[in-house]
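>>> this one's structure only:
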C-alpha cells in the first residue's frame, strides 16, 4: 500500500478582476471520490515470459530494481513497445553533476490516463497484484476521448474539447503502476485531466529509498549517484510534457496553456526542482545545482512532499533556492510524517513567490491509503480547477474552503494568495529632480493628459528600443516637455529624439520634476513579470520582448529582482549556475534609481551566484534592493521603473 511513498500562515486581502475574496475560510466542502468521466490509459502491456526469463516481478522492472548487479527496467519487458509511449531525453553534458549519464540519452516509459467516452468498451488490463489499468489501449488502438462538444461556445469560454494536462511524479523507488499511484492517476483523470507519468526507475541510478534517507550512512554512500537520480527526475518530467504535446493522438486534444503537475513524496521535490529550485549537490557545503525548469506548468500539488531531511535540505542551504519558484503550489502534508519533515517544506514554501498553501492532515504518516482519497482530492481538484484551468469561480470557492467534511481532520496551515493586481490604481510620488518611474498596469498613459503640469514637471523621457519614425536611429530617447507649447515636438525632432506621446503597459520612464509632486496614473490590471520574455528565446511566451542590451520597463506584480529574473525564464533558459544560492541568470544586471538619495540600486545574478554582490555594491556606493522601502520590502512597485541589461 505504501510503495508510492515508501520510496507561519499568511492572510492577504486579494482583489480579482471578477471576484473579490476577503481570505476568510469558513466553508466545509464534501469529500471527492471520483469525477464524472470514465478513465482509459495508454498501452503499458508487459511480457510475462520475459519477466520469468530474466527473473523478478513486474514491479522490479517498473521500478528499475537491479538483479545481481544487472540493470532491469520496463523497456526490457514491454509486450507492445511500438504502441507504448517512450522518451529518451539527453542528459546535460555535466559529468560533475550527472556522474553516470552525462551527455547520453536515458530511456523512460510513460503512461497516460485520460477521460474517455462512456461508449468505450475496451477491457481493463489486469496486473499481477489484482489491480487493473482501466480500458487500456492495445496494439494499433488510439485513445478514445469524450465526444466532441459542437460549437458555438459561450462568449469567453475555453473550448472544452481541449483538455488540461497534468504531469505526475511518483514517489522514490515507486512507479505509476503501484496501486496507490494508479489510483490517484485514475481519480485525477476522472475529473477531466489528461495525466502523464514517467516510470522514473530510480533504482537504475541510486538504491537509496526514502524510508532510509534518514540513515546518514545510506546518504553518504554514493551521494553523487543519489544527487544524479534526483536531477534526472525533472529532466524526465519536462521530456514527458514535450512528448505528450507532440504526440499525434494526445497532442491535438491538449490545451498547451493548461498544464499542471502532481508529485508525491520525492515527486513533490521533483516538481519543486522543475519549477526552479536547485538540487542540493554538496553534503557538507549544501551547495545546490539547478536542473531543467519548465515554466509551462501553471500550478502544482505536492502530496507529503519531500524537501529534505533535518541534516540535509533538498534545495540548497536552508532550502534557499526555493526563492526561484514562482508557480502556485499546494502542499498536502501529514502531521505524523517523520520521513519527509514538514518543517522543511514550510521552510521552502516561505520563499515561494506565487500563491502557496499547505494543508495538514492530522495523524497521517508518510504514505497513502485509499481512505484518504476524499480529503486529498477534496483539496487537489478545487486547487487545480482554480489555477490550472483558470476558473475564477473555482478560485473564489477554493479561497473560502476551510476543510473537507468527514474523513480526516484537515487544517490550512499556510495560506498565501498572491495579489492578482486586478484593480491597481497607482499613484506616482515624485521628488524634486530626476525620478525613474514606471507604468506597471495594462493601461497606456497619455503623456500630454497625465503630465501637462508645466509648473511642476520639466521633462519626461522614455527609452525606445525600436521604432519606425523617419530620421531616428533606434534605440533612441523619446521626449516630452509640458513647458513647451508643442510639448517639445520640435525640440525632439531637432535632436534626433522620438516625440513622446504614450507610455505603454510595462514601460519605464524618467521624470524631471521641479518640485515634489503626486500624479494619479491610469487604473488597470497589473503587468505580470512573466509577460516579459528575452527577445532571443526560441519560443517567446511573453508579450513584452526584452532585446539585447538595455530596456527600461515596469512590472505590476511587485517582484524582487530575483523573482523577476526567474519569471522571465523560458523552456530554453539556461538554469541557475552551480552554487549555494543558484539564482537564474536570464538577465545581466538590473538597476533602479532612488530619487531621494540620488543613488542606484543594483543587482546582478552572476554576483549573487559567486557570493560577490554585497561587496560589489559596497565598493561602488550602490544600494542593495533588499533595503528598498517598498511594500513588501525590497520589491519593485508598479510605479517603479527599472533598467534591465540583457545578454
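Thanks, I have the structure now. Everything quoted here is computed from the prediction, not taken from an experiment. Numbering: from 1, shown residues only.
>>> three-state assignment of residue 49?
helix (DSSP: H, G, I helix; E, B strand; the rest coil).
>>> what is the burial count for it?
Residue neighbour count, defined by other Cβ atoms under 10 Å, stands at 10 for residue 49. C-beta coordinates here come from the backbone N, C-alpha and C atoms, glycine included.
>>> got a pLDDT number for it?
Predicted confidence (pLDDT) for residue 49: 96.
>>> swap in residue 532?
pLDDT at residue 532 comes out at 90.
>>> just confirm it contacts residue 507, I think it does.
No: using Cβ atoms under 8 Å, residue 532 is not in contact with residue 507; the gap is 11.2 Å.
>>> any common contacting residues for these two?
residue 553 (Cβ atoms under 8 Å, 6 or more residues apart in numbering).
>>> and the next element down the chain from the helix or strand encompassing residue 449?
If you go by DSSP states H and E, residue 449 is part of helix 447-450. For helix 447-450, the following helix or strand on the C-terminal side (DSSP H and E) is strand 457-464.
>>> what number of residues lie near residue 519?
Neighbour tally, residue 519, other Cβ under 10 Å: 19.
>>> which non-adjacent residue is nearest residue 129?
Nearest residue to residue 129 in three dimensions, chain neighbours excluded: residue 179, at 6.3 Å (Cβ to Cβ, 6 or more residues apart in numbering).
>>> ok, the one you found to residue 136 distance?
16 Å (Cβ to Cβ, to the nearest Å).
>>> burial measure for residue 593, as a count.
Residue 593 has 20 nearby residues by other Cβ under 10 Å.
>>> pretty sure it is touching residue 435, no?
Yes: taking Cβ under 8 Å as the definition, residue 593 is a contact partner of residue 435 at 7.4 Å.
>>> if I pick the closest residue to residue 520 other than its chain neighbours, what's in contact with it?
Counting by Cβ to Cβ, 6+ apart, residue 520 lies nearest to residue 427, which is 5.2 Å off, once chain neighbours are set aside. Residues in contact with residue 427 (Cβ under 8 Å, 6+ apart) are 518-521, 639.
>>> please redo it, this time with the cut-off set to 7 Å
518, 520-521 (Cβ atoms under 7 Å, 6 or more residues apart in numbering).
>>> number of residues surrounding the residue nearest to residue 129?
Around residue 179 there are 17 residues (other Cβ under 10 Å).
>>> cool, and residue 372?
Per other Cβ under 10 Å, the neighbour tally for residue 372 reads 20.
>>> and what of the one 4 residues further on?
The number of residues packed near residue 376 is 28, by other Cβ under 10 Å.
>>> buried ones in the helix or strand harbouring it, by neighbour count?
If you go by DSSP H and E, residue 376 is part of helix 373-387. By 16 or more other Cβ atoms under 10 Å, the buried positions in helix 373-387 come out as 373-387.
>>> try stretch 179-190
Across stretch 179-190, burial judged by 16+ other Cβ under 10 Å covers 179-182, 184-190.
>>> name the single longest strand found in the protein.
strand 254-264 (DSSP state E).
>>> helices and strands around that strand, which ones?
strand 163-169, helix 223-246, helix 266-274, strand 297-303 (3 or more Cβ pairs under 7 Å, 6 or more residues apart in numbering; DSSP states H and E).
>>> what lies in contact with that strand?
4-5, 162-171, 188, 194, 241, 244-245, 270-271, 274, 296-305, 384, 388-389.
>>> kindly report the same for stretch 55-64.
Counting by Cβ under 7 Å, 6+ apart, 46, 51, 65, 67, 72-74, 76-77, 128, 173-175, 177, 199, 201-204 sit against stretch 55-64.
>>> how does it look with 6 Å?
By Cβ atoms under 6 Å, 6 or more residues apart in numbering, the residues outside stretch 55-64 that reach it are 46, 51, 67, 72-74, 76-77, 128, 173, 175, 177, 199, 201, 203-204.
>>> nearest to residue 141, of those?
When those are ranked by distance to residue 141 (Cβ to Cβ), residue 46 comes first, at 16.7 Å.
>>> where's the dip in pLDDT among the contacts of stretch 55-64?
residue 128 (86).
>>> what about it, how many neighbours?
Residues near residue 128, counting by other Cβ under 10 Å: 12.
>>> one more: residue 80?
16.
>>> thinking it is in contact with residue 141, fair?
No: judged on Cβ atoms under 6 Å, residue 80 makes no contact with residue 141 at a distance of 9.8 Å.
>>> in the stretch 451-600 of the chain, which spans are strands?
457-464, 476-480, 498-499, 502-503, 508-513, 517-520, 532-534, 544-546, 549-553, 589-594, 599-603 (DSSP state E, counting those that start in this stretch).
>>> averaged pLDDT, the last one. What do you get?
Read it as strand 599-603. 97.
>>> buried ones in it?
Buried-residue list, strand 599-603, by 16+ other Cβ under 10 Å: 600-603.
>>> C-terminal to that strand, what's the next element?
Scanning forward in sequence from strand 599-603 by DSSP H and E, the next helix or strand is helix 605-610.
>>> counting by contacts, list what that following helix packs against.
Helices and strands touching helix 605-610, as assessed by 3 or more Cβ pairs under 6 Å, 6 or more residues apart in numbering; DSSP states H and E, are absent.
>>> and that helix, what's buried?
So for helix 605-610, counting by 16+ other Cβ under 10 Å, buried means 605, 607-609.
>>> point out where the stretch 301-450 of the chain drops to low pLDDT.
By pLDDT under 70, the low-scoring segments of the stretch 301-450 of the chain are 420-423.
>>> what do you get for the stretch 451-600 of the chain?
In the stretch 451-600 of the chain, residues with pLDDT under 70: 536-543, 572-582.
>>> poorly predicted segments of the stretch 101-250 of the chain, please.
150-158, 209-219.
>>> in it, which spans are strands?
108-115, 125-126, 132-133, 163-169, 194-198.
>>> can you add mean neighbour count and distance to residue 89 and give those back as TSV?
Below are those laid out as TSV (neighbours: other Cβ atoms under 10 Å; distance: least, Cβ to Cβ, whole Å):
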stretch	mean neighbour count	distance to residue 89
strand 108-115	26	7
strand 125-126	14	27
strand 132-133	20	24
strand 163-169	27	13
strand 194-198	27	10
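>>> tell me which of these approaches residue 234 most closely.
Between residue 234 and the strands of the stretch 101-250 of the chain, the shortest separation by Cβ to Cβ is 8.4 Å, and it involves strand 163-169.
>>> A helix includes residue 397, no?
Yes: assignment of residue 397 by three-state DSSP places it within a helix.
>>> any idea how far residue 381 is from residue 305?
Residue 305 is 18 Å from residue 381, by Cβ to Cβ.
>>> dump the residue contacts of the residue lying farthest from the centre of the chain.
Using Cα atoms, centre = their mean, the residue of the chain lying farthest from its centre is residue 485. It sits 50.2 Å away. Residues near residue 485 by Cβ under 6 Å, 6+ apart: none.
>>> and what of residue 450?
So residue 450 contacts nothing (Cβ under 6 Å, 6+ apart).
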